[in-house]
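[1] with the sequence up front, the predicted model follows.
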Amino acid sequence: MSDYPKIYGEFVKGFPDDAACYAYLFHIRWPNSFICARCESGKYWLDKEGLYRCHKCLFKSSITAGTIFQDRKKPLLQWFHAAWHITENKHGTSARSLQQALGLGSYHTAWAWLHKFRVAMVSPQRDKLCGEIEVDEIFIGDPKPGKRGRGADGKELVLVAAEKDGQHIGRIRLVHISDARAETLNTALGYIIKPGSTIYTDGWSGYSTKQLRILGYSHVIVHTNGHLGDNLLPFANIIASLLKRWLLGILQGGNTSDAPWLLSGRIYISLQP
Ligand SMILES: [Zn+2]
């Protein structure tokens, strides 16, 4: 099996037991056929410990070494179910809901699993975005009456950058920023966007075409037509609303200790550069 299932029925059918999970990992590790890491021989046998032994030099290859499944105590199948539960839930998963979905006895175990997945799901590449990129800021946190806009107190500001990939959203980056001044925005953009890219923003004065040009960016200001509800930066807006829903999903999980970036009601994004 090369493709990961798209619906739960396929998932259950494709992964009935641990052996199916091992076969899936085997295919990812050795897409064509087994190759010994030491002598490049193609012959192996599976030993009693679940290690792939080279026929020629007896070298042991573990299929889970270096992955989040290494040193696990529970069956691999249960970990696959956790992966399914976490990735199919676009609203974010809480440790409590993971515990219930998998029937885990311990909340702590569910929390530790969720943490492992979250760390693994942050791409180690962390390449900078490039091409055409929509950029906007959003506020997250408890609303405070009296102030609106980019100067609002008591909320956390997050810079949202979304790559335009034709009609689709490409890669995204989120950065927790202290304010929306030009200096702060420029520093954050430098962390996440490659020079040579074109940045689309609204007319906020913190985005200075002159300064962005010095940093190597082209700058397009998207102007409103004056129509109420104009969606000037559709991709950035989609990401912003998904982020808000996702955070809400975590909060509705019922236990704030589940989200390490939630502190005294203030939200910290874990994706800082
Ligand atoms: Zn070998």
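    Structure received.
[2] the longest helix along the chain packs against which elements?
    Looking across the chain with DSSP state H, the single longest helix is helix 234-252. The contact analysis (3 or more Cβ pairs under 8 Å, 6 or more residues apart in numbering; DSSP states H and E) places helix 234-252 against strand 132-140, strand 156-165, strand 168-177. To be clear about C-beta, it is placed using only N, CA and C from the backbone, and glycine gets the same treatment.
[3] quick one: closest of those strands to P31.
    P31 sits nearest to strand 168-177 of all those, at 24.2 Å, using Cβ to Cβ.
[4] got the angle between the closest one and strand 156-165?
    160 degrees (axes from the mean of the first three to the mean of the last three Cα atoms, to 10 degrees).
[5] now strand 168-177: mean pLDDT?
    Per-residue pLDDT over strand 168-177 has a mean of 84.
[6] for the helix or strand following it, the averaged confidence score.
    Sequence order places helix 182-192 as the next helix or strand after strand 168-177, per DSSP states H and E. On average, the pLDDT along helix 182-192 is 88.
[7] can you check stretch 211-228 too?
    Averaged over stretch 211-228, pLDDT sits at 83.
[8] beta-bridge partners for the closest residue to D179 other than its chain neighbours, please?
    Spatial nearest neighbour of D179, excluding adjacent residues (Cβ to Cβ, 6 or more residues apart in numbering): L157 at 6.6 Å. Under the criterion DSSP bridges, L157 forms beta bridges with F139, I177.
[9] roughly how far does L157 sit from the ion?
    For L157, the distance to the ion (Cβ to the ion, to the nearest Å) stands at 54 Å.
[10] use 8 as the first number for this chain going forward.
    All right, first residue 8 from here; so that's L164.
[11] that residue reaches E144, doesn't it?
    Yes: with contact defined as Cβ atoms under 8 Å, L164 and E144 form a contacting pair (5.6 Å).
[12] Validate this expectation: Y31 resides in a helix.
    Yes: judged by DSSP: H, G, I helix; E, B strand; the rest coil, Y31 forms part of a helix.
[13] pretty sure it is touching F22, no?
    Yes: here Y31 reaches F22: they are 7.2 Å apart, a contact under Cβ under 8 Å.
[14] between these two, which one's more packed in?
    Counted by other Cβ atoms under 10 Å, Y31 and F22 do not tie: F22 has more neighbours, with 22 against 18.
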